[in-house]
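Asker: predicted coordinates and the sequence they were generated for:
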Amino acid sequence: MTTSAGPHWRRVHKITPALNAWKAVVAVLAFLAWQATDQIGNMPSEVWDTVTAYRARAFLVIVGVLVVVATVATVYSMLAWRRMRFSVTSESIDLHTGILFRQERHARLNRVQAVDVVQPLLGRLFGLAQVRVETAGGGDSNVVIGFLREPEAQELRNEIMARAAGIDVAPAVAPAFGQAADGPAPVPGAAPA
């Protein structure tokens, strides 16, 4: 049951959208590299001579395209981060994501089977981790909250496990929207996670 003030919404780390998008970026770069190497091998010598003659302009065009792509990706990441938030209540774990395709995931605490802290390669490089909540009902009912700093991910895991066990605890991770950085006051009589 949630309090009358509503759920305590928290944010993930600011670079989460960029870390989640790395697979798409790598796939696009691999495709472009494959296409370029395939085309270079079949290029007639006259075309190759033209390319080498205009390589300074080609370099500027490539740099310009990269700057535009980086700017669009940065703006999208900022907007995606503003929309990405999560909440842990006494009944469920809620995750809201997406800009164009909004998604709201809810995992009931009475169906939680496992809560894991996972550090993928890029997350480990930045000292970040994901919290994966597996629930009964199949793969589509699982919730992945990430990325958080590794200690915050461990605290969130402990909070979820305590709430799933029926222990009322205060939120342990980043403050809710509009709250001071010192976080909410602890719940009176709540046991530590």
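Answerer: Received, thanks.

Asker: how about the strands of this structure, start to end?
Answerer: 10-11, 85-88, 92-97, 103-108, 112-118, 128-135, 143-149 (DSSP state E).

Asker: right, and these - which one's nearest D168?
Answerer: In terms of CB to CB, the element of the strands of the chain nearest to D168 is strand 85-88, at 11.5 Å. For every residue, glycine as well, the C-beta is placed using N, CA and C.

Asker: quick one: average confidence on that closest one?
Answerer: Averaging pLDDT along strand 85-88 gives 91.

Asker: in its sheet, which strands sit next to it, and in what direction?
Answerer: Paired with strand 85-88 in the same sheet, following DSSP bridges, are strand 10-11 (antiparallel), strand 92-97 (antiparallel).

Asker: centre of the chain to that strand, how far?
Answerer: 13 Å (CA atoms, centre = their mean, to the nearest Å).

Asker: where does the chain dip in pLDDT?
Answerer: The chain contains residues with pLDDT under 70 at 1-5, 38-48, 51, 138-139, 172-193.

Asker: mind naming the longest helix for this structure?
Answerer: In the chain, with assignment by DSSP state H, the single longest helix is helix 55-83.

Asker: and that one with strand 103-108, angle?
Answerer: 40 degrees (axes from the mean of the first three to the mean of the last three CA atoms, to 10 degrees).

Asker: list the buried residues in helix 55-83.
Answerer: For helix 55-83, the buried set under the neighbour-count rule, 16 or more other CB atoms under 10 Å, comprises S77, A80, W81.

Asker: not counting its neighbours along the chain, what's nearest the first one?
Answerer: The shortest distance from S77 to any residue other than its chain neighbours is 4.1 Å, reached at P17 (CB to CB, 6 or more residues apart in numbering).

Asker: isn't the one you found right up against M84?
Answerer: Yes. Using CB atoms under 8 Å, P17 is in contact with M84, at 7.1 Å.

Asker: okay, now the closest residue to G123 other than its chain neighbours: neighbour count?
Answerer: Distances taken as CB to CB, 6+ apart place F147 nearest to G123, at 5.4 Å, with adjacent residues excluded. Counted with other CB atoms under 10 Å, residues neighbouring F147 total 27.

Asker: do you know how far F147 is from S77?
Answerer: F147 is 12 Å from S77, where distance means CB to CB, to the nearest Å.
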